[in-house]
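Participant: got a sequence here, can you build the structure:
(4 chains)
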Number of protein chains: 2
Amino acid sequence: MSAHPAPTARTRITIDDVAREAGVSKATVSRVINRRGELMSPELAARVQEAITRLGYAPSPMAQALKRGRSRLIGLVVADVANPFSVAVMQGAERVCRAAGYMLMLYNLAGDEGREREAITALASYQVEGFILHTLGRERQVLDDALQRNKPIVLVDRALDAPLDLVGLDNAQAVPLALDHLLQQGWNELLFVTEPIQSATSREERRAAFTAYTSAQAAQCRGQGVEVPAGDDATLDAALRALLQRAGDDARRPAVLAVNAVVGLRIAAAAKRLGCTLGRELGLVTFDETDWAPLVGPGITTLAQPTDDIGQQAARCLIERLENPGQTTQPRRFRLPARLLARGSSQREG
Amino acid sequence: MSAHPAPTARTRITIDDVAREAGVSKATVSRVINRRGELMSPELAARVQEAITRLGYAPSPMAQALKRGRSRLIGLVVADVANPFSVAVMQGAERVCRAAGYMLMLYNLAGDEGREREAITALASYQVEGFILHTLGRERQVLDDALQRNKPIVLVDRALDAPLDLVGLDNAQAVPLALDHLLQQGWNELLFVTEPIQSATSREERRAAFTAYTSAQAAQCRGQGVEVPAGDDATLDAALRALLQRAGDDARRPAVLAVNAVVGLRIAAAAKRLGCTLGRELGLVTFDETDWAPLVGPGITTLAQPTDDIGQQAARCLIERLENPGQTTQPRRFRLPARLLARGSSQREG
DNA sequence: TTGTAGGCGTTATCAG
DNA sequence: CTGATAACGCCTACAA
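Facilitator: This next block holds a predicted model:
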């Protein structure tokens, strides 16, 4: 209709506006912004700078991205934001990214691992420069695709056979930490409860460490493992009953190591259903510290993960790769230590 | 150096590649993508379509955004992702946005309301088309700025004097629901505990509703309110002791209504510290349903917010404005009802 | 029905 | 040291 931009919606102020205001060329303005005042007359730089602030100009990341092929965007794929661990990691990662001038683009799988590929494609189409993946990562094809496009990937908490950077918990340290404590407190009929392992390596690692420990210490304890699908409380209750039975038969003391906070909470609920008291008839240690752990039953003993550090480390690791492209360093693996917070659920009681 | 794009990092496939592959012009490809097969020979459309899939082409949102001035991005500012309510809302909103072809850009304030302005500016610079704000929103100036730039805003859970769309809980319905229940169970010395109200209208509304109710029912109960800053357990303990005291003096039964899950958990912790049992010496109802509510103490009675609905509604509301620009409809306010989940913490016991 | 050309806001190359 | 000018990938009048 009208030849000029609609005067109603005041159009965005561009580099041209600044150039005009300062009486210089766009190129000069661009230089002031990027190589701050390098190789140019100070007075001109000052004039431009003033025009910028006067107009309140900010360059358009979109246009910049288009031009340089770099978006300063990082894609974060999360298995489930309802998982407190995911959220905690997210926080650490976001802080680091922002400090380095990157924005985080979040994609939540909401537990539906099938949408993983969709997530990566969507994020990639938005030109994210790299990925932080806290998810299964079974879609090898998509990963290869991302890598071919030269987009670095950092895996959080879940390894993969692919040669990728990884940051997660030191499960080989964490599991003995928990089991030593349980044995010390007199619990000697042990059960490891996890959601279906599938290809989640952290679950896998934890189970492996559990098995290794219990067979090495066979003189002092017995150990079994069970996989309990989400929502399947019948299986869970049955496993717990069997555990109590085994212990009762041989005058042993039964305890559970839960693979994460979600499972830990389910164990607490099951114990309540079965009418057995935590810390008395049943010992419990779970991975992941939470706000509510001290208040459920007699307090739940947890293996606290350094979630914030994990998130930060992941972000740092990725950003380092982004800023040094071409450097094909070997994939790095960061394993951070857990801390044990002993509470009532694992303390021997009168 | 070289005249052609570096062959090493395989460059992104563009609309030109597709055009060449299909032997047509860019314009035709663009048409196929946008007005799907409208006003064009089916065979050509098919040929283009095939080229698109063969090459695995996807248009660059960046370039599209630059051209159309629309980014298909929505900015979500969250007060604190550690708050389960925020996360739950986020989930609902994200689903709706994605279904409508929008991406969510997340900015977490991590409890630092001072960074609100920074959040909005950063998001705005990325050309988000609108905002969902779950935060205090005291930065009037920034809001006005956003509105002037024609960027719609939807407020979640916290009203404002500005004429903005809003979706949140129906506090006037929720509070009596909780208090009726408490009275019915025989609790009649009531205390409303909140974090500092500041300008958070949901806290304000809840307190107002509490006050209105207790003065209307003065014959059957007494009510007071207290603000407890985060981390200040001394104040909390003192308030609780005073409550127990008041009740003891007049042979009344003391109960607390907590403004949200975080405060609720703190009350449970304080009760434990003070050695008084929930549901017996002290009644408790808190806003926000959580996974752990059934397992803390005798189970915590909660006012469950329809978080997912709230998130969805917010997203829908915003998207509707985005797709009907110019339509200066009056600001709308959606108030969704709470449900009461009665548990041990509020049941009269022997 | 299809193609041509101009421009969205930046940056980078190359003259001056 | 500074200023034109050509892309970046896409959309959309306008022309054919």
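Participant: going by C-alpha atoms from here, please, whenever you check contacts or count neighbours.
Facilitator: Fine.
Participant: do a quick rundown of the strands in the stretch 1-150 of chain A.
Facilitator: Assignment of strands within the stretch 1-150 of chain A using DSSP state E, counting those that start in this stretch yields the ranges A:73-78, A:103-108, A:130-134.
Participant: quick one: the first one near chain B?
Facilitator: No. Residues of strand A:73-78 are not located near chain B by C-alpha under 8 Å from any C-alpha of the partner chain, the shortest gap being 10.2 Å.
Participant: of the strands of the stretch 1-150 of chain A, which approaches residue A:43 most closely?
Facilitator: The closest of those to residue A:43 is strand A:103-108. By C-alpha to C-alpha, the value is 33.4 Å.
Participant: what's that closest one packed up against?
Facilitator: Counting by 3 or more C-alpha pairs under 8 Å, 6 or more residues apart in numbering or on different chains; DSSP states H and E, the packing neighbours recorded for strand A:103-108 are strand A:73-78, helix A:84-99, helix A:116-125, strand B:103-108.
Participant: grab the nearest non-local neighbour of residue A:283.
Facilitator: residue A:255 (4.0 Å; C-alpha to C-alpha, 6 or more residues apart in numbering or on different chains).
Participant: what's the one helix or strand the one you found maps to in contact with?
Facilitator: Using DSSP states H and E, residue A:255 sits within strand A:254-258. By C-alpha atoms under 8 Å, 6 or more residues apart in numbering or on different chains, the surrounding residues in contact with strand A:254-258 are A:178, A:182, A:187-194, A:243-244, A:247, A:264, A:267, A:281-287, A:346.
Participant: tell me which helix or strand comes right after it.
Facilitator: For strand A:254-258, the succeeding helix or strand toward the C-terminus, using DSSP H and E, is helix A:261-274.
Participant: please identify the pairing partners of whichever helix or strand comes after that next one and their relative orientation?
Facilitator: Counting by DSSP H and E, the next helix or strand C-terminal to helix A:261-274 is strand A:283-287. Using DSSP bridges, strand A:283-287 pairs in its sheet with strand A:254-258 (parallel), strand A:301-304 (parallel).
Participant: any chance of TSV for these, columns mean neighbour count, mean pLDDT and distance to residue B:225?
Facilitator: Formatted as TSV, those follow (neighbours: other C-alpha atoms under 10 Å in any protein chain shown; pLDDT from 0 to 100; distance: least, C-alpha to C-alpha, whole Å):
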stretch	mean neighbour count	mean pLDDT	distance to residue B:225
strand A:254-258	28	98	40
strand A:301-304	25	98	34
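Participant: so can I have CSV of the ones you listed showing distance to residue B:274?
Facilitator: Shown next, in CSV, are the strands paired with strand A:283-287 (distance: least, C-alpha to C-alpha, whole Å):
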stretch, distance to residue B:274
strand A:254-258, 30
strand A:301-304, 22
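Participant: quick one, which of those strands is nearest to residue B:41?
Facilitator: strand A:254-258 (61.6 Å).
Participant: ok so residue A:198 is a strand residue?
Facilitator: No. According to DSSP: H, G, I helix; E, B strand; the rest coil, the state of residue A:198 is coil, so it is not within a strand.
Participant: with adjacent residues omitted, what lies nearest to residue A:21?
Facilitator: Nearest non-adjacent residue to residue A:21, counting by C-alpha to C-alpha, 6+ apart: residue A:51, 6.2 Å away.
Participant: gap between that neighbour and residue A:16?
Facilitator: Distance of residue A:51 to residue A:16, given as C-alpha to C-alpha, to the nearest Å: 11 Å.
Participant: the more surrounded of those two?
Facilitator: Using other C-alpha atoms under 10 Å in any protein chain shown as the criterion, residue A:51 and residue A:16 rank with residue A:51 on top: 20 against 14.
Participant: pretty sure the more buried one sits against residue A:18.
Facilitator: Yes. Taking contacts as C-alpha atoms under 8 Å, residue A:51 lies within contact range of residue A:18: 5.9 Å.
Participant: closest residue of the stretch 151-300 of chain A to chain B?
Facilitator: As assessed by C-alpha to the nearest C-alpha, chain B sits closest to residue A:296 within the stretch 151-300 of chain A, at 4.5 Å.
Participant: OK, contacts around that residue?
Facilitator: A:268, B:292, B:295-297.
Participant: pull the most distant pair out of the residues you listed.
Facilitator: A:268 and B:297, at 11.7 Å, using C-alpha to C-alpha across those.
Participant: hey, what's in contact with both of those two?
Facilitator: Here residue A:268 and residue B:297 have A:296-297 as joint contacts, going by C-alpha under 8 Å, 6+ apart.
Participant: burial of residue A:218, as a residue count?
Facilitator: Using other C-alpha under 10 Å: residue A:218 sits among 12 other residues.
Participant: residue A:65 now?
Facilitator: Other residues lying near residue A:65 total 17 when counted by other C-alpha under 10 Å.
Participant: any idea what residue A:153 is bridged to?
Facilitator: Going by DSSP bridges, residue A:153 is paired in beta bridges with residue A:131.
Participant: and what of residue A:334?
Facilitator: Taking DSSP bridges as the rule, residue A:334 bridges to residue A:167.
Participant: any idea how far it lies from residue A:308?
Facilitator: From residue A:334 to residue A:308 the distance is 14 Å (C-alpha to C-alpha).
Participant: can you name the residue of the stretch 251-350 of chain A nearest DNA strand D?
Facilitator: Proximity of the stretch 251-350 of chain A to DNA strand D (C-alpha to the nearest atom of the strand) peaks at residue A:325, 18.2 Å away.
Participant: how close does that residue get to residue A:163?
Facilitator: Distance, residue A:325 to residue A:163, using C-alpha to C-alpha: 17 Å.
Participant: so which bits of the worst-scoring helix or strand of chain A on mean pLDDT are buried?
Facilitator: With mean pLDDT, DSSP states H and E as the measure, the helix or strand of chain A carrying the lowest mean pLDDT is helix A:140-148 (a mean of 71). Buried residues in helix A:140-148, counted by 16 or more other C-alpha atoms under 10 Å in any protein chain shown: A:142-143, A:146.
Participant: ok, the residues you listed vs residue A:213, which is closest?
Facilitator: Checking the buried residues of helix A:140-148 against residue A:213 with C-alpha to C-alpha, the nearest one is residue A:143 at 34.0 Å.
Participant: residue ranges of the helices in the stretch 201-350 of chain A, please?
Facilitator: With DSSP state H, counting those that start in this stretch as the criterion, the stretch 201-350 of chain A has helices at A:201-216, A:233-249, A:261-274, A:307-323.
Participant: so which of those helices is nearest residue A:32?
Facilitator: When those are compared by C-alpha to C-alpha, helix A:307-323 sits nearest residue A:32, at 21.8 Å.
Participant: CA atoms of the closest one as CSV?
Facilitator: The C-alpha trace of helix A:307-323 is given here as CSV (Å, rounded to 0.1, in the frame of the first residue of the first chain):
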residue,chain,number,x,y,z
THR,A,307,24.8,-30.9,39.2
ASP,A,308,25.8,-27.3,38.8
ASP,A,309,29.4,-28.3,38.1
ILE,A,310,28.3,-30.8,35.6
GLY,A,311,26.2,-28.2,33.7
GLN,A,312,29.0,-25.7,33.8
GLN,A,313,31.6,-28.2,32.7
ALA,A,314,29.4,-29.3,29.8
ALA,A,315,28.9,-25.7,28.6
ARG,A,316,32.6,-24.9,29.0
CYS,A,317,33.6,-27.9,27.1
LEU,A,318,31.3,-27.2,24.3
ILE,A,319,32.2,-23.5,24.1
GLU,A,320,35.9,-24.3,24.0
ARG,A,321,35.3,-26.5,20.9
LEU,A,322,33.2,-23.7,19.3
GLU,A,323,35.9,-21.1,19.8
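Participant: just the buried residues of that helix, please?
Facilitator: Residues of helix A:307-323 classed as buried: A:307-319, A:321-322 (neighbour count, 16+ other C-alpha under 10 Å).
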